[in-house]
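*Asks:* Here's my sequence, what's the structure:
(one chain, ligands or ions: 1)
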Amino acid sequence: MTVADLLDTGVLAVFLALAALVAFSLLLRERRTTRRLRTQQVPPAAPAAPAAGAPRRRAAIVVNPTKFTGLDEHSLRRRQAYVAAVFRSHGWEDPLWLETTPTEHGRQQARDAVAQGVDIVLAAGGDGTVRSVAEGLAGTSTPMALLPAGTGNLLARNLDVPHTDLAAALDLVFSEEDVRVDVGWLEVDRSGRDAEPERHLFLVMAGLGFDAAMMAGVEDRLKQRLGYGAYVVSGARALWGPQAKVQVSVDGQAPAPVRTRAVIVGNCGKLTKQLVLMPDAEIDDGYLDAVVLSPRGGIGWGEVAWAIATRDRRGQRRVRHLRGKRFEVTCQEPQEVELDGDPIGPAHRVTLTVDPGVLRVRCPPLRAGAHAAPR
Ligand SMILES: Nc1ncnc2c1ncn2[C@@H]1O[C@H](COP(=O)(O)OP(=O)(O)OP(=O)(O)O)[C@@H](O)[C@H]1O
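*Replies:* Prediction:
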C-alpha cells in the first residue's frame, strides 16, 4: 500500500467516523422527538366565537396516513381532536380532512380543497406529500402550510417551520403571513428519446447520481428505526461508485462535459440546520442553484465534506457551483434521480426549470424585514 493509499483510507475513515457521529446524534434526537409527538396532550381548548357576521374560515388537511401507522386508533383520534380544537379556539370551522391514497398522493386532494373554497391547505406528511399538495396549489392564491411528519422534512427545515412540535407548526397557520416561493420543475426523459417526458414539481432539490443512489438505498425498515440516520448509513454505502460522464447545460449554453458523482439542483439549499449544500440558494430569488460533486477516492470525498461543512461558496474542482433558470443534464449511462429526497428511478436526461413565486406558503418571513405576500 502506498502513502497516498494510506492517506486516502485515513481521510475516508475520518469522514465515515464523522458521518457515524452525526447519524448517532440525529438518531437520539429523532427518538426524543418521536416520543414527544406521540405523548402530546390534548389542550383544554377554549372555543372562541367568531366576530359577528364574519364568515368562519376553514382549512383542509391533506394527510398521508402511512406516516402515522405508529399511532394506534385512539391516539390518532386524540391527535385529530387536538387539531380540530386548536382551529375552533381560533374561531375557525373544523378542518376538512382529506387522506392521500396509494395513487393520489396529495395533488388531487389539494385541488378538491381549493374547489371547496378553503382558506388554506395543510400538508401533513413527508416531503413527497408536500410536493404533491404543492402541485395542486401552484398558481392558485390558496396558501399551503406544513404539518411535517416525514423523516427528512426538508422544506420545513429550509423555511424554519417547526418540524418536531405539532403545536408550534399549527400556530403558524394563524399567523396569516405568507411568502411567495418559486417552484422547480423536473422533466425526466428516461430513455433519452422519450416523446412525453414525465414532469414533477420540486420545492427543495432534485439530483442525480450519488445522492439519488443514497435515497434509493434507504430501506423503509431502517428508516423507521434510525430516522434520518438511515440516510447516513445508505450514504456510506453509496460512497464507493464510479464517476458518471454527463453533459451539463445552463440556460441554453453549450453543454459542458463533466465526470461527476452527483449533480444536484436546488430551489433552496439546506439539508439540516448545520448542513447547507447550496449556501446561496434562496427559495424566492427566481433562480435555481446547482452543485456538481466530482470527488475521487477518500481524499476527494474529504475535500467535498470540508467544502460543504465550511459552506465554501467559491467552489473548487471537486465542488462546482452553478446558477441559472434552466439546467439540462444528459448522462451517457442512466443515473438514479431523486426529487426532494424521494428516488424516482434512473433516467438518461433531466431538465430542470424554475417557476418564480407561484406558490404561497405560510411560514416565518424568509429574512428579517421581508414583506409578506400581498393578499
Ligand atoms: N394512502 C396511502 N397508502 C400507501 N402509500 C401512500 C398513501 N399515501 C401516500 N403514499 C405514499 O407515500 C409517499 C409520500 O410519502 P411522504 O412524502 O409523506 O413521506 P416520505 O417522502 O416518504 O417522507 P420521508 O422520506 O421524509 O419519511 C407517496 O409517494 C406514496 O408512495
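
*Asks:* Now for whichever residue of the stretch 201-350 of the chain sits closest to the ligand: which residues touch it?
*Replies:* Using CB to the nearest ligand atom, residue 342 is the residue of the stretch 201-350 of the chain that sits closest to the ligand, at 5.0 Å. Where C-beta positions appear, they are placed from N, C-alpha and C, glycine not excepted. Residues near residue 342 by CB atoms under 8 Å, 6 or more residues apart in numbering: 127-128, 131, 215.

*Asks:* mind checking how far it is from residue 130?
*Replies:* 11 Å (CB to CB, to the nearest Å).

*Asks:* And for residue 298?
*Replies:* From residue 298 to residue 130 the distance is 35 Å (CB to CB).

*Asks:* For these two, indicate the residue with more neighbours.
*Replies:* residue 130 (30 against 21; other CB atoms under 10 Å).

*Asks:* ok, now which ones touch that one?
*Replies:* Contacts of residue 130 by CB under 8 Å, 6+ apart are 106, 123, 144, 146, 155, 203, 340.

*Asks:* do that again at 6 Å, thanks
*Replies:* For residue 130, the contact set (CB atoms under 6 Å, 6 or more residues apart in numbering) comprises 123, 155.

*Asks:* secondary structure class for residue 249?
*Replies:* Following DSSP: H, G, I helix; E, B strand; the rest coil, the label given to residue 249 is strand.

*Asks:* And for it, the neighbour number?
*Replies:* 16.

*Asks:* so who does it touch?
*Replies:* Residue 249 neighbours (CB under 6 Å, 6+ apart): 255, 328.

*Asks:* residues near whatever residue of the chain ends up closest to the ligand, how many?
*Replies:* Going by CB to the nearest ligand atom, the ligand is nearest to residue 126 of the chain, at 2.1 Å. Residue 126 has 23 neighbours, counted by other CB under 10 Å.

*Asks:* Same question for residue 148.
*Replies:* Neighbours of residue 148 using other CB under 10 Å come to 26.

*Asks:* Run a quick check on it versus residue 156, I expect a contact.
*Replies:* Yes. At 4.2 Å, residue 148 counts as touching residue 156 under the criterion of CB atoms under 6 Å.

*Asks:* quick revisit: quick one, grab the pLDDT at the residue of the chain closest to the ligand.
*Replies:* Residue 126 is assigned 95 on the pLDDT scale.

*Asks:* again, but for the one 10 residues further on
*Replies:* Taken from the predicted model, the pLDDT recorded for residue 136 is 98.

*Asks:* Now do the phi/psi pair for it.
*Replies:* Per-residue torsions, residue 136: phi -80, psi -20 (degrees, to the nearest 10).
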